[in-house]
Structures are given as structure tokens and as C-alpha cells.
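Trainee: Sequence and predicted model, in that order:
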Amino acid sequence: MGGSLSRRAAVRIISFSLAAVLVAAGVALWQRGRAEDYRRRLQAGYLRSLGELSSYLVNLSEDLEKGRYLGTPARIAQVSAQLWRESGGAKTALASLPMGELRLDTVYRFLSQVGDYAMALSKKVTAGEPLSAQEVENMDALRHYAAQLQQDVDGILLAVQAGELDLAASPQGQAAAPLQAQWEDTEQAMTGYPTLIYDGPFSDHLLNQYPIFTRGLEQVTPEAALAVAAQACGLSPSQLQRQDDEHSHMPCYVFSAGQRTAAVTQAGGLLAYLLDGRQVEAQRLSRQGAFQRAQAFLTEQGLTGMEATYYEVVEGVCIINYAATQEGVRLYPDLIKVGIALDDGSVAFYDARGYLNNHRQRQLDPPALTPQQAAASVSPLLSIQSSRLVVIPTDGQNECFCYEFLASGDGGQQLLVYVNAATGAEENLLLLIQTPNGTLTK
């Protein structure tokens with residue numbers, strides 16, 4: 001017998017081998033079936049998003065056409081609200097489509113501005129001012145581009161329905177080649193829509209603003225920026241790889257290591273943002289510990305005089321909003337967000353672009369009104385608990401020096417009421433939302 005197998009052993013080995021092959025084949029068929037089912041559901045989801053996007057664009061085009069001929073402030077306000085909702089819905093539907101690395105900045109900006117422009121015009125007519133000929137002409141131009149965008153979307157929708165384009169078959173993170181070509185053509189065609197000068201958060205004059213804080217600062221080398229990024233990430237420079245530079249109104253050098261990405265301004269070499277996409281494990285750090293770690297990180301970046309305002313815990317990361325202060329006045333436009341991972345206290349998120357865009361030494365004259373005089377503008381239905389002086393951003397690139405009143409209403413609902421410190425006009429009102437994961441404003 002020696003090293004030879006018995007007949008029974010040989011039969012057993014062959015049987016086991018055949019069984020293993022059959023099991024493997026069965027598993028492969030099952031996985032293929034699951035993959036095909038997933039692909040079908042993915043394709044159906046993309047079809048639904050395309051259909052929704054087309055419907056929103058049809059409504060946008062029709063409402064922009066109506067808006068040109070409306071004569072009363074009430075009707076203009078109604079249609080403006082519809083345009084706002086429709087543009088938001090269109091952006092949501094567009095974001096659900098497989099775009100990969102395609103940058104549709106012009107399309108997104110167009111959709112944002114349609115709603116904001118309509119609301120700005122609504123405010124104007126409500127205040128008793130008529131629309132100018134240029135504003136009516138702008139609405140017609142927006143209608144034209146909305147209709148063109150809708151035609152492009154319908155072309156993609158028909159191609160998918162006819163089986164000529166399979167969106168779900170594209171490699172993950174990439175757009176299908178025909179879809180990419182179509183969207184690139186659409187993006188190019190959209191560049192001609194009119195520049196809109198109005199006081200809205202997505203107005204062209206705001207998007208064309210350059211950061212104030214980095215003005216006049218010397219350009220730094222990529223090597224100097226790498227050292228800043230490495231220090232912020234807690235890594236050695238050799239562990240980071242340089243990525244494509246950001247050529248925006250805040251040009252940055254960008255570096256990454258694994259799931260960590262850091263951007264450093266080319267002017268001044270300041271950390272603009274940091275992202276760590278790792279999964280946060282079991283939460284061990286307290287909220288107080290997260291605040292202490294965030295404050296320490298700000299100090300490491302050379303930032304002082306920052307006050308924590310509100311926070312929220314999202315997927316194990318405590319994200320804290322900080323605002324700069326000047327002479328005891330809180331400067332809300334000068335915003336920094338710091339996210340601390342609650343498992344190990346590392347910095348998972350940092351965004352200082354609001355601060356870098358807006359921070360400067362402001363001329364803060366003494367308020368014309370006392371807190372008591374300004375409080376007269378607060379609703380008598382509210383009970384004021386405290387007040388402080390703040391600077392708040394308004395729509396567009398403007399700011400307002402205000403009293404911030406913390407007040408409570410029926411049922412204990414807390415609110416923040418902002419009253420102009422010079423005129424007594426109520427500038428804004430926010431609800432304070434207390435949740436198990438933090439305090440938010442709405």
C-alpha cells in the first residue's frame with residue numbers, strides 16, 4: 001500500500017471535489033443573480049431621478065414664463081416660492097445621478113440662482129418696487145436655459161429607456177462615457193446664462209469674492225504647505241501625497257494619505273480644511289472632552305479669540321461651530337467648524353473657509369440703541385432671557401451689527417431674535433432645536 005490511496009479514499013476525494021465545484025458554481029450563480037438584481041434596482045433608481053429632474057425643470061421653465069407677466073406682489077411671491085422648491089428638488093435629483101468626477105458647477109449654480117433670484121425679486125415687489133426691464137429680461141433668459149437643460153435631460157432619459165445607455169453598468173465612481181459627454185456639452189452650454197446682481201447667497205458677485213484674510217499674504221511653496229498639512233494630520237510629510245491643486249477663489253495645495261485629505265492656502269500657507277473619512281468606532285470621549293480637543297486644535301493653528309456656539313454629533317463625530325470675537329462682539333460670518341472623533345479624539349473634520357473668507361478687524365461703532373430699546377422690536381409673545389452684540393451675515397456679501405436676544409416662546413421653544421443695533425429692525429429669527437445629538441438652529 002505504502003503511499004498509494006485506497007479505492008475508497010480516492011472515490012471520497014473525487015466526491016468532495018465535485019461537491020466543492022458544485023457549491024462554488026452555485027455560489028457564483030447566486031452572487032451573479034444578486035448583482036443583476038442590484039444593477040436593475042440601481043438603474044430603476046437612476047431612471048426615477050432623471051424623471052424627477054425633468055419634471056422639476058419643466059415646472060421651472062413654466063413658472064419662469066408666468067413670472068414675466070404677473071402683476072401683483074402676492075402672485076409673484078407665490079410663484080417665487082414654487083421656483084425655490086423646484087430648484088431645490090432639481091438639485092437633489094441631479095445629485096442622485098452617477099456623475100463620478102464630473103464637476104457640474106455651472107449647472108448647480110444655475111439651479112441655485114433660479115430660486116434665489118426669484119425670492120429676491122419677490123422681496124422687491126413686496127416692498128412696493130416694480131421689476132425693471134433688465135430683471136424681466138433675466139427671467140426670460142433663465143427660462144430659456146431651464147428649457148435647454150430639460151431637453152438635455154430628456155435626451156438622456158430616452159436613451160436609458162431605450163436601452164442605449166446603462167447607467168448602472170458604469171464602474172463605481174465614474175460616469176458612463178455617453179453620459180459624461182452629454183453633461184460636458186450641457187455644462188458648456190450653460191456658461192452663457194446672465195450674470196445676476198442681487199442680494200442672494202448664490203449671487204454671482206458673492207461667488208466672485210476673494211478671501212479677505214489671505215489678501216496680501218505671501219505665496220508659500222508646496223513644500224511649506226506640505227509641512228502644514230502633515231502637522232494638521234499628525235503625520236510625517238513623507239506619508240502624504242500631493243493631489244491636484246484647487247484653482248478656486250481660495251487657491252489651495254491639496255494633500256492626502258489614505259482617507260485623510262488636507263488643503264492649505266497657497267497665500268499664507270493656512271489650513272483651509274481637513275477631512276478624515278474613516279469609520280469612527282465605539283464612542284469613548286465625552287462632549288466636554290471633544291470641546292477641549294477642538295479648542296486645542298484651534299490653538300495649534302494659531303487661532304485665538306474663538307467662541308464655541310453650537311454643536312452636533314454625526315456618526316460618532318462631534319462637530320462644533322466656532323465664531324471669532326472682537327471686543328466682546330461675536331462675529332458669526334467668521335466661522336470655523338471642527339469635528340472631533342469620539343473614539344480617539346482625533347480631528348475628523350475641519351473647515352476654516354468661512355473664517356478665511358471673512359475675517360478682518362471691523363469698525364464696530366457703539367450701538368445706537370440700548371439693549372432695552374432694541375428689545376422693543378421683539379415679539380411680546382416671547383420672554384427674553386439674555387442679549388449680546390453680534391455681527392451676522394445677510395444675504396449676499398453684506399453684514400449687520402445686531403443685538404442677539406435669546407428668548408423663549410410657548411411650550412418652552414427657544415429662539416434667537418436678531419435686531420439691528422442701529423435701526424431697531426428685526427433682521428432675523430432662528431429656532432433653537434435641542435436634540436440628543438446637539439443644539440442646532442433652524
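Mentor: Alright, I've got the coordinates. Nothing here was measured: the structure is a model prediction, and the numbers come from that model.
Trainee: Spatially nearest residue to residue 368 (excluding sequence neighbours)?
Mentor: Residue nearest to residue 368 in three dimensions, not counting chain neighbours: residue 422, with 4.6 Å by Cβ to Cβ, 6 or more residues apart in numbering. (Each C-beta comes from the backbone N, C-alpha and C, glycine too.)
Trainee: which ones are touching the one you found?
Mentor: Going by Cβ atoms under 8 Å, 6 or more residues apart in numbering, residue 422 touches 367, 368, 369, 401.
Trainee: now with 7 Å?
Mentor: Listed by Cβ atoms under 7 Å, 6 or more residues apart in numbering, the contact partners of residue 422 are 367, 368, 401.
Trainee: Make a markdown table from those residues and add distance to residue 86 and neighbour count to it.
Mentor: Formatted as a markdown table, the contacts of residue 422 follow (distance: Cβ to Cβ, whole Å; neighbours: other Cβ atoms under 10 Å):
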| residue | distance to residue 86 | neighbour count |
| --- | --- | --- |
| 367 | 41 | 17 |
| 368 | 41 | 13 |
| 401 | 35 | 19 |
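Trainee: and which of those residues is nearest to residue 347?
Mentor: Nearest to residue 347 among the contacts of residue 422 is residue 401, at 32.7 Å by Cβ to Cβ.
Trainee: which residue sits closest to that closest one, ignoring its sequence neighbours?
Mentor: Closest residue in space to residue 401, ignoring its immediate chain neighbours: residue 421 at 4.9 Å, by Cβ to Cβ, 6+ apart.
Trainee: now the one you found: how far from residue 403?
Mentor: Note on residue 421: its distance to residue 403, by Cβ to Cβ, to the nearest Å, is 6 Å.
Trainee: Give the residues shared as contacts by those two.
Mentor: With Cβ under 7 Å, 6+ apart, residue 421 and residue 403 have common neighbours 374, 389.
Trainee: Verify the stated contact: residue 82 with residue 66.
Mentor: No. Assessed by Cβ atoms under 7 Å, residue 82 is found out of contact with residue 66, at 9.2 Å.
Trainee: Please enumerate the shared neighbours of the two.
Mentor: Counting by Cβ under 7 Å, 6+ apart, nothing touches both residue 82 and residue 66.
Trainee: Of the contacts of residue 422, which belong to strands?
Mentor: Within the contacts of residue 422, residues falling in strands by DSSP state E are residue 401.
Trainee: Pick the one among the contacts of residue 422 closest to residue 329.
Mentor: Nearest to residue 329, judged by Cβ to Cβ, of the contacts of residue 422 is residue 401 at 7.9 Å.
Trainee: What separation is there between that closest one and residue 42?
Mentor: From residue 401 to residue 42 the distance is 51 Å (Cβ to Cβ).
Trainee: Repeat that for residue 139.
Mentor: Residue 139 is 37 Å from residue 42, by Cβ to Cβ.
Trainee: Looking at these two, which one has more neighbours?
Mentor: residue 139 (23 against 16; other Cβ atoms under 10 Å).
Trainee: tell me the secondary structure for the more buried one?
Mentor: With DSSP: H, G, I helix; E, B strand; the rest coil as the basis, residue 139 sits in helix.
Trainee: Who are the contact partners of it?
Mentor: Counting by Cβ under 7 Å, 6+ apart, residue 139 has contacts 64, 67, 68.
Trainee: Same list, those residues, but as CSV with pLDDT please.
Mentor: CSV is the format used below for these (pLDDT from 0 to 100):
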residue, pLDDT
64, 89
67, 81
68, 79
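Trainee: Pull out the buried residues from those.
Mentor: Buried residues within those, defined by neighbour count using 16 or more other Cβ atoms under 10 Å: 64, 67.
Trainee: what about residue 424, neighbour count?
Mentor: 15.
Trainee: how about it, secondary structure?
Mentor: Looking at residue 424 with three-state DSSP, the answer is coil.
Trainee: now it, nearest residue through space, not along the chain?
Mentor: Using Cβ to Cβ, 6+ apart, the closest residue to residue 424 is residue 377 (5.1 Å).
Trainee: now the strand or helix carrying residue 312, how far from the centre of its chain.
Mentor: The secondary structure element spanning residue 312 is strand 306-314 (assigned by DSSP states H and E). Remark: strand 306-314 is offset 17 Å from the chain centroid, using Cα atoms, centre = their mean, to the nearest Å.
Trainee: now for it, which elements pack on it?
Mentor: The contact analysis (3 or more Cβ pairs under 7 Å, 6 or more residues apart in numbering; DSSP states H and E) places strand 306-314 against strand 317-326, strand 438-441.
Trainee: Comparing the ones you listed, which comes out most buried?
Mentor: Neighbour counts (mean count of other Cβ atoms under 10 Å) averaged over each of the helices and strands packed on strand 306-314 peak at strand 317-326, with a mean of 22.
Trainee: Do a quick rundown of the helices in the stretch 201-350 of the chain.
Mentor: Counting by DSSP state H, counting those that start in this stretch, the stretch 201-350 of the chain has helices at residues 204-207, 222-233, 287-300.
Trainee: Measure how buried residue 141 is and give me the count.
Mentor: Residue crowding around residue 141 was assessed by other Cβ under 10 Å; the count is 15.
Trainee: Correct me if wrong: it contacts residue 194.
Mentor: Yes. Between residue 141 and residue 194 there is a contact at 4.9 Å, judged by Cβ under 7 Å.
Trainee: Pull the contacting residues for the residue nearest to residue 140 when sequence neighbours are not counted.
Mentor: Using Cβ to Cβ, 6+ apart and skipping residues adjacent in sequence, the residue nearest residue 140 is residue 68, 6.1 Å away. By Cβ under 7 Å, 6+ apart, the contact list for residue 68 reads 136, 139, 140.
Trainee: again, 10 Å this time
Mentor: Going by Cβ atoms under 10 Å, 6 or more residues apart in numbering, residue 68 touches 131, 135, 136, 137, 139, 140, 143.
Trainee: Now do the fifth one against residue 122, distance only.
Mentor: The reference is to residue 139. Taking Cβ to Cβ, one finds residue 139 at 12 Å from residue 122.
Trainee: The second one too?
Mentor: Using Cβ to Cβ, we find residue 135 at a distance of 11 Å from residue 122.
Trainee: Kindly confirm my reading that residue 88 is in a strand.
Mentor: No. Residue 88: not assigned to a strand; according to three-state DSSP it is helix.
Trainee: nearest spatial neighbour of it, skipping sequence neighbours?
Mentor: residue 115 (6.4 Å).
Trainee: what about the residue nearest to residue 192 when sequence neighbours are not counted, distance to residue 213?
Mentor: Among residues not flanking residue 192 along the chain, residue 145 sits closest, at 7.9 Å (Cβ to Cβ, 6+ apart). Computed as Cβ to Cβ, the residue 145 to residue 213 distance reads 35 Å.
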